[in-house]
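[1] Just the structure for this:
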Amino acid sequence: MISINKTSKKVKKTEFLEDNLEVISSYDQEVLNKFITYLKPYKRKVLAGLVAVLLFAGVVVAIPVLVKITIDNAISEKNSLALNLMFVVLIIASLIHMFSNYFQQKLLGKIGENVIYDIRTKMFNHLQKLSMSFADKTKYGGLMSRVQGDVGALQELFQAGIHAIADILTLICVAIILITLNWIMGLMILIVLPILILVKIFWLPMARRAFLDASKARSIVSGVLNEHLNGVRVTQSLNREIKNQEIFDEKIADSLYKQDKAAKYGSGIMPPVETLTGLSMAIIIIIGGYLVINESIEIGIMVASLLYIQRLFDPIRTLTMHYSVVQRAMASGHRIFELLELPIEIKDEPNSKPLKIEKGKIELKNVSFGYESNNQILSDINLSIKENETIGLVGPTGSGKTSIAALINRFYDIWDGEILIDNQDIRKVSQDSLGLNISMVLQDPVIFSGTVLENIRYRTNASDEEIIEASKTVGADEFINRLPDTYSTHLYEGGSNLSIGEKQLISFARALVCDSKIFILDEATAYIDSYTELKIQNALNKVLENRTGIIIAHRLSTIRNADKIVVLDKGKILEIGPHDELMKNKGLYSNLWAKHQSSFDDL
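    Numbers count the residues shown, from 1 in each chain. Below you'll find the predicted structure:
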């Protein structure tokens, strides 16, 4: 499940934990109440659907009575007029039965789809606002399971719930009518029900455990499958196919065993129900037959009672099948609402104002930060970046370079200190305005499904001409024109039909068309060959004109021409200054250059 663990005043920890299915699959009124709130916009349709369901159930209950009347008052009395009248009544009842069934299915299906749409839309909107700390600790597969599968299970809960109401009312009405028709036969039939209750008392706990084990086994198989498919390149390069197949076979075999066990329990309740149905009918035929022979009851009552036996056990069958549906839906509802109730940690203050940038000056004052309360990443950082100045952030892995860039974007909130842009505290400005004024190119480029034009345009309203010009500036135009449909070429999810370097160039072009005052490159040239990097370096001189630039790099050649270079280690600033000055200081930066080492990875 998802939990928010406030282990410190300085940091909030958001993470997915393993779901305790046995707890969350039990009946939970709170989950039901939350789900009902999503039905309120459709309350008229829900009422109409409920009326249709009740009308359908009413006709089902009424038909045996109509058959009794037909037999006793028309056929037995040889009354043609009454027989014709009952024929018309039965036709009308059949039509009501048909149309009420049609409308209930149509209305309930439509309401269910609308509720799914509302919940998924709200989940997507909420997920986009959650902090990066949530994204850092969230498993993609588990999240997709909540958004897709769990929401669908809630639709089943709605439909099962409406039908359950009708089934329960049908049971009550049939029991009352059976006793009313003939109390002796009615009581004999109802005596059978405790036997069914005893069967269910022993069956339900074992079936519940089997259903939960099967559900958990399915999740494990999905996780293994997702992991191996995503790592198929590594699998093939290391010839690990046979080992992976053995692992998958083991998990799928366990899943098959548990699915088979659950299926046995699922089907195991039907034979007792059918047996009791047959036993009840036998009771009616034997006792009813004697009563008819002795003229204690009319034959129509016996026939109606036989029909009511079927209508008594049909709802029992349905309610039994709904048991697993309700269990699955309760677990799904718990997971969905748990996700929707995650607090948005990074949000605008009540009186936040749009960020107004004139110069692009950035100041970090006494900034401390960590992703976990017991692991501080940055300690008392003081850094000033002047208007239109380009600085380079370098240092060993884990020194805090990327963390500084993330904090300037306010992907996380700092523990102590403040970050100012043109003397405006970024915690007091709106996040939308902050994002509009900062362009960022990441080490791992993100490409979305769509055309090249759509990927570069993304959040802007840039014209095709502006996109082409930006592509030329960063050196992407050359390879784009080699694509089958140039700028209209459709890119697959994740840009799988592009090389890593090509994806990075598109990311550069995307950042450039945003025309932001602040430009951040986070290891943006790590996957680009030396020739392309040289082209980008030349382009950056144009891109960073009249802009504040922050370049994070391991390769020292990438930041040699920066106005100022900040050397970080273990969350602290060791050195700061231009290249020539740092070379004279004979510090860490100078030592690397003196040893002809081109990267902090060489340490």
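[2] Confidence-wise, which helix or strand of this protein is lowest on average?
    Of the helices and strands making up the chain, the lowest-confidence element is strand 2-5, at a mean of 38, by mean pLDDT, DSSP states H and E.
[3] per-domain residue ranges of this protein.
    Annotated domains of the chain cover 2-8+20-340, 357-437+518-525+546-603, 438-515 [automatic domain parsing].
[4] Would you mind putting those domains into a markdown table with mean neighbour count and distance to Asp348 alongside?
    For every residue, glycine as well, the C-beta is placed using N, CA and C. Compiled in a markdown table, those are given as follows (neighbours: other CB atoms under 10 Å; distance: least, CB to CB, whole Å):
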| stretch | mean neighbour count | distance to Asp348 |
| --- | --- | --- |
| domain 2-8+20-340 | 16 | 10 |
| domain 357-437+518-525+546-603 | 18 | 5 |
| domain 438-515 | 18 | 16 |
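[5] To Asn538, which of the ones you listed lies closest?
    With respect to Asn538, and counting by CB to CB, the nearest of these is domain 438-515 at 8.3 Å.
[6] Now do that closest one: distance from first to last residue.
    Chord length of domain 438-515, first to last residue, is 9 Å (CA to CA, to the nearest Å).
[7] distance between that domain and the chain's centre?
    Distance, stretch centre to chain centre, for domain 438-515: 28 Å (CA atoms, centre = their mean, to the nearest Å).
[8] where does Gly141 land on pLDDT?
    Per-residue confidence for Gly141 comes out at a pLDDT of 57.
[9] okay, the domains of the chain in CSV with distance to Ile346 next?
    Compiled in CSV, these are given as follows (distance: least, CB to CB, whole Å):
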stretch, distance to Ile346
domain 2-8+20-340, 5
domain 357-437+518-525+546-603, 6
domain 438-515, 15
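[10] Quick one: closest of those domains to Asn351.
    Judged by CB to CB, the one of those that comes nearest to Asn351 is domain 357-437+518-525+546-603, at 7.9 Å.
[11] Would you check that Tyr589 makes contact with Glu581?
    No - between Tyr589 and Glu581 there is no contact under CB atoms under 8 Å: 9.8 Å.
[12] Do a quick rundown of the helices in the stretch 151-300 of the chain.
    151-181, 183-190, 193-230, 232-237, 241-268, 270-293, 299-340 (DSSP state H, counting those that start in this stretch).
[13] nearest to Lys106, of those?
    That would be, of these and by CB to CB, helix 151-181, which comes in at 12.1 Å.
[14] Report the angle between that closest one and helix 270-293.
    Here the directions of helix 151-181 and helix 270-293 differ by 20 degrees (axes from the mean of the first three to the mean of the last three CA atoms, to 10 degrees).
[15] which ones are touching Phe158?
    With contacts taken as CB atoms under 8 Å, 6 or more residues apart in numbering, Phe158 has the following neighbours: 35, 39, 108, 111-112, 115.
[16] Which ones among those map onto helices?
    35, 108, 111-112, 115 (DSSP state H).
[17] Redo those residues as a markdown table? Include pLDDT and distance to Val513.
    As requested, the ones in helices among the contacts of Phe158 are exported to a markdown table (pLDDT from 0 to 100; distance: CB to CB, whole Å):
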| residue | pLDDT | distance to Val513 |
| --- | --- | --- |
| Phe35 | 80 | 43 |
| Leu108 | 82 | 47 |
| Ile111 | 86 | 43 |
| Gly112 | 81 | 42 |
| Val115 | 85 | 39 |
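[18] out of the residues you listed, which one sits closest to Ser332?
    When the ones in helices among the contacts of Phe158 are ranked by distance to Ser332 (CB to CB), Phe35 comes first, at 10.1 Å.
[19] Distance-wise, check that closest one relative to Ile506.
    With distances defined as CB to CB, to the nearest Å, the gap from Phe35 to Ile506 amounts to 42 Å.
[20] quick one, phi/psi of the closest residue to Tyr492 other than its chain neighbours?
    In space, not counting the residues next to it along the chain, Tyr492 is nearest to Ser449; the distance is 6.7 Å by CB to CB, 6 or more residues apart in numbering. Here the main-chain torsion angles of Ser449 (degrees, to the nearest 10) amount to phi -60, psi 130.
[21] Ok, the one 3 residues further on next?
    Note on Val452: backbone dihedrals following degrees, to the nearest 10 are phi -60, psi -40.
[22] Point out where the stretch 1-150 of the chain drops to low pLDDT.
    Counting by pLDDT under 70, the stretch 1-150 of the chain contains low-confidence ranges at 1-28, 131-146, 148-149.
[23] no no, the stretch 201-350 of the chain
    Low-confidence segments of the stretch 201-350 of the chain, defined by pLDDT under 70, span residues 215, 219, 223, 230, 233, 237, 266, 323-324, 327-328, 331.
[24] related to what we said a few turns ago, which of the ones in helices among the contacts of Phe158 sits closest to Val60?
    Using CB to CB, the shortest approach to Val60 within these belongs to Leu108, at 16.8 Å.
[25] contacting residues for the residue minimising distance to the centre of the chain?
    Closest to where the C-alpha atoms of the chain average out (CA atoms, centre = their mean) is Val147, at 2.3 Å. Applying CB under 8 Å, 6+ apart, one finds that Val147 lies in contact with 120, 123-124, 127.
[26] residues in contact with Leu157?
    If you count contacts by CB under 8 Å, 6+ apart, Leu157 has them with 35, 325-326, 329-330, 332-333.
[27] which pair in those spans the largest distance?
    Maximum pairwise distance in the contacts of Leu157, criterion CB to CB, is 13.7 Å, between Phe35 and Val325.
[28] ok, the residue nearest to Gly333 when sequence neighbours are not counted - contacts?
    The shortest distance from Gly333 to any non-neighbouring residue, by CB to CB, 6+ apart, is to Val31 (4.0 Å). The neighbours of Val31, taking CB under 8 Å, 6+ apart as the test, are 330, 333-334, 337.
[29] element containing Val31?
    Using DSSP states H and E, Val31 falls within helix 29-37.
[30] okay, the angle between the next helix or strand after that helix and helix 151-181?
    Next in sequence after helix 29-37, counting helices and strands by DSSP H and E, comes helix 43-69. In terms of direction (the same axes, to 10 degrees), helix 43-69 departs from helix 151-181 by 30 degrees.
[31] all numbers from here: first residue = 530
    In the new count, where the first residue is 530, that last one comes out as helix 572-598.
[32] from the middle of its chain, how far away would helix 572-598 be?
    37 Å.
[33] Looks like Cys702 contacts Val588 (just checking).
    No - Cys702 is beyond contact range of Val588, at 11.7 Å (criterion: CB under 8 Å).
[34] for the most far-flung residue of the chain relative to its centre, what are its contacts?
    For the chain, the C-alpha farthest from the mean C-alpha position belongs to Asn823; by CA atoms, centre = their mean, that distance is 66.5 Å. Listed by CB under 8 Å, 6+ apart, Asn823 has no contact partners.
[35] separation between it and Ile713?
    Separation of Asn823 from Ile713 (CB to CB) stands at 12 Å.
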